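>>> Sharing a sequence plus its predicted fold:
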Amino acid sequence: GAGVSQTPSNKVTEKGKYVELRCDPISGHTALYWYRQSLGQGPEFLIYFQGTGAADDSGLPNDRFFAVRPEGSVSTLKIQRTERGDSAVYLCASSLNPAESSTDTQYFGPGTRLTVL
Amino acid sequence: LAKTTQPISMDSYEGQEVNITCSHNNIATNDYITWYQQFPSQGPRFIIQGYKTKVTNEVASLFIPADRKSSTLSLPRVSLSDTAVYYCLVGPFNQAGTALIFGKGTTLSVSS
């Protein structure tokens, strides 16, 4: 079946601009996660949604970062006033509610590579 | 979440068995051990998960000793396409919303 998809695959923007990154989770997965991966590092957690609500946003680096999931499926990560340090690959993952499986395996999309010039 | 330690890099040749060991001395009773694989320009891919003893699937085996303070990912007869970064993660993965804490992983290079 279809996996997690993310658009765009690449995004180049200028410092100070606003960007939106989209994630389509696996159908039926109620949990959705955003991670950020810098070159040579492992992914770092940003935010977790259970359904429509952000259950854990402790990984968001500052208030320029915001994410929504209005209908409990597609999610959008929004970055305001982008900075060069925001350049990274932004990864989305989804999982089934563990009430329906013994462990909550996260399945990742291919990521969006964001470059801030 | 328990901290994990794994080698930064490993080299192998095609056809060999590769074993990557991960240390997690502070693993908690309700923690599971999970391994992910990541190719360049792709998201991490789930390989295998276990709680104790041995788990095997079509891709790999995971060996966990009784004290659970370490685990070993075993890849049988690697090929060039197994060249990737392998991450060991530990956490209560039977609970929803558990953020995955990645280290730098082990970069496996397979040569012909």
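Cool, got the structure. In this text the structure is predicted, and so the values were computed from the model without any measurement. Numbering: from 1, shown residues only, chains lettered A, B, ... in the order given.
>>> contacts and neighbour counts: CA atoms only from here.
OK.
>>> Next up, the contacts around the closest residue to chain A within chain B.
Closest approach of chain B to chain A (CA to the nearest CA) occurs at residue B:94, with a separation of 4.0 Å. The neighbours of residue B:94, taking CA atoms under 8 Å, 6 or more residues apart in numbering or on different chains as the test, are A:98, A:102, A:103, A:104, B:32.
>>> Touching, the third one and residue B:95? I think so.
Same thing as residue A:103. Yes - taking CA atoms under 8 Å as the contact criterion, residue A:103 and residue B:95 are neighbours in contact, 6.9 Å apart.
>>> Just checking: what are the partner strands of the helix or strand of chain A with the lowest mean pLDDT?
Within chain A, judged by mean pLDDT, DSSP states H and E, the helix or strand with the poorest mean is strand A:53-56; its value is a mean of 90. Strand A:53-56 pairs in its sheet with strand A:44-50 (antiparallel), by DSSP bridges.
>>> tell me the mean pLDDT over the partner strand?
Taken as a whole, strand A:44-50 has an average pLDDT of 95.
>>> Identify the residues contacting it?
Residues outside strand A:44-50 that contact it (CA under 8 Å, 6+ apart): A:30-37, A:54-61, A:67, A:69, A:72, B:97, B:99-102.
>>> The residue of chain A found nearest chain B sits in which helix or strand?
Here chain A gets closest to chain B at one residue, residue A:103, 4.0 Å apart by CA to the nearest CA. Using DSSP states H and E, residue A:103 sits within no helix or strand.
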